[in-house]
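Colleague: Got a sequence here, can you model it:
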Amino acid sequence: MSKDSTLRGVRVVSLALNLPGPAAIMRLAQMGATCTKVNPPQGDPMAHYTPEGYETLHKGVKQISCDLKDPKGQKTLHQLLGKTDVLLTSFRPSALTKLGLSWKTLHLQFPKLSCVSVVGAPGSLAEIPGHDLTYQAEVNLVPGMNLPASLFADMGGAMMASEAVLKATLIQRSSGQGSFHEVALSDSAAWLALPRQWGMTLPKGAVGGAHAGYKVYACKNGRVAVAALEPHFAKSLCDAAGIQVKDPKSLFAKSTHVAIANFLASKTRQQLDKLAAEKDIPLMTLPKAS
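Modeller: Residues are numbered from 1 along each chain as shown. Predicted coordinates for the structure are as follows:
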């Protein structure tokens, strides 16, 4: 992603560890914010289980080590906060209180400082332990025994946290005062799960496999993800496959599924890539599943 100047001049300090905080600070740095990451003496756990990812998320971010349980570390942090616009945290509220970093305490000491607090669940539920997997499971994004394809709650929470920093910046510029914003990963998961709650991605839904133009099929030397959902794309696909479609409902018929599957199974990835370009069909060819 390219860097812009939306947050140029905005100073962000992050105490947030693991994925959501670093992913948020990456976005903020890309928007031009001056970002400083404060790590505990033992470092961020994420740096140990994915060094490459950690490096990517912290490009352009200054990192310092600071023991917040030590008076010297507290002094270092407070000196930093005196020159900071937004503080990003990911501790439970009780932990922040123990460290003297509750919003009430911070706001008294630094009236212009805003705080974005990333928590697992909102309000009184913030003390309950959880992780990306539990938040996705709670909103039915883990329907089988396999783990989710990505850490959607964490990454969605990172986007919400960057939005909260933007909101805090607007408030500070208009009022001159800092503001508090809570971002819950469970809320992020719930937001991402809305299409499933509406039935869209369930097996009977149009983008859950019921529509013949929106599925993953086998081809001669791999797979093909077909996204011919809109009528004109679906018509192009059916025309290429030699299938007569009388009305939109035909795309939900079993016979249409079978006909498209047979057509795609007879083509190689190279042939389908060429067909997509020539006929303006949205599809992506993939290697065979490992």
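
Colleague: For the stretch 151-290 of the chain, give me the ranges with low pLDDT.
Modeller: Nowhere does the stretch 151-290 of the chain drop to pLDDT under 70.

Colleague: what about residue 249, how many neighbours?
Modeller: When neighbours are counted by other Cβ atoms under 10 Å, residue 249 registers 9. Placement of C-beta: from N, CA and C, glycine included.

Colleague: Checking my notes, it in a helix, right?
Modeller: Yes. Per DSSP: H, G, I helix; E, B strand; the rest coil, residue 249 lies within a helix segment.

Colleague: would you list every one of the strands in the stretch 1-150 of the chain?
Modeller: Under the criterion DSSP state E, counting those that start in this stretch, strands of the stretch 1-150 of the chain are mapped to 11-14, 34-39, 62-65, 86-89, 114-119.

Colleague: Let's have the ones you listed in JSON lines, adding mean neighbour count, distance to residue 165 and mean pLDDT.
Modeller: Formatted as JSON lines, the strands of the stretch 1-150 of the chain follow (neighbours: other Cβ atoms under 10 Å; distance: least, Cβ to Cβ, whole Å; pLDDT from 0 to 100):
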{"stretch": "strand 11-14", "mean neighbour count": "24", "distance to residue 165": "7", "mean pLDDT": "98"}
{"stretch": "strand 34-39", "mean neighbour count": "21", "distance to residue 165": "10", "mean pLDDT": "98"}
{"stretch": "strand 62-65", "mean neighbour count": "13", "distance to residue 165": "17", "mean pLDDT": "97"}
{"stretch": "strand 86-89", "mean neighbour count": "28", "distance to residue 165": "5", "mean pLDDT": "98"}
{"stretch": "strand 114-119", "mean neighbour count": "26", "distance to residue 165": "6", "mean pLDDT": "98"}
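
Colleague: out of the ones you listed, which comes closest to residue 146?
Modeller: Ranking these by their distance to residue 146 (criterion: Cβ to Cβ) puts strand 114-119 first, at 26.5 Å.

Colleague: what would the strands of the stretch 1-150 of the chain look like in a markdown table with distance to residue 73?
Modeller: Shown next, in a markdown table, are the strands of the stretch 1-150 of the chain (distance: least, Cβ to Cβ, whole Å):
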| stretch | distance to residue 73 |
| --- | --- |
| strand 11-14 | 13 |
| strand 34-39 | 9 |
| strand 62-65 | 9 |
| strand 86-89 | 15 |
| strand 114-119 | 18 |
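
Colleague: Wait, residue 36 touches residue 15, no?
Modeller: No. Assessed by Cβ atoms under 8 Å, residue 36 is found out of contact with residue 15, at 10.0 Å.

Colleague: before we move on, the earlier item: quick one: closest of the strands of the stretch 1-150 of the chain to residue 157.
Modeller: So among those, strand 114-119 is nearest, using Cβ to Cβ, at 6.0 Å.

Colleague: So what touches the closest one?
Modeller: With contact meaning Cβ atoms under 8 Å, 6 or more residues apart in numbering, strand 114-119 is reached by 16, 20-21, 24, 85-93, 96, 103, 106, 126, 157, 161, 164-165, 168-169, 171-172, 178-185.

Colleague: among the residues you listed, which ones are buried?
Modeller: Neighbour counting by 16 or more other Cβ atoms under 10 Å classes 16, 20-21, 24, 85-93, 96, 103, 106, 126, 157, 161, 164-165, 168-169, 172, 178-185 among these as buried.

Colleague: among those residues, which are in helices?
Modeller: 20-21, 24, 93, 96, 103, 106, 157, 161, 164-165, 168-169, 172, 185 (DSSP state H).

Colleague: ok, which pair from those residues is furthest apart?
Modeller: 172 and 185 (24.9 Å).

Colleague: for the strands of the stretch 1-150 of the chain, which one sits closest to residue 272?
Modeller: Nearest to residue 272, of the strands of the stretch 1-150 of the chain and by Cβ to Cβ, is strand 114-119 at 42.1 Å.

Colleague: how about the CA coordinates for that closest one, as PDB?
Modeller: This file holds the C-alpha atoms of strand 114-119, laid out as PDB (Å, rounded to 0.1, in the frame of the first residue of the first chain):
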ATOM      1  CA  SER A 114      -6.700  10.600  22.900                       C
ATOM      2  CA  CYS A 115      -6.800   6.900  23.600                       C
ATOM      3  CA  VAL A 116      -7.800   4.000  21.400                       C
ATOM      4  CA  SER A 117      -8.200   0.900  23.500                       C
ATOM      5  CA  VAL A 118      -8.300  -2.400  21.600                       C
ATOM      6  CA  VAL A 119     -10.100  -5.100  23.700                       C
END
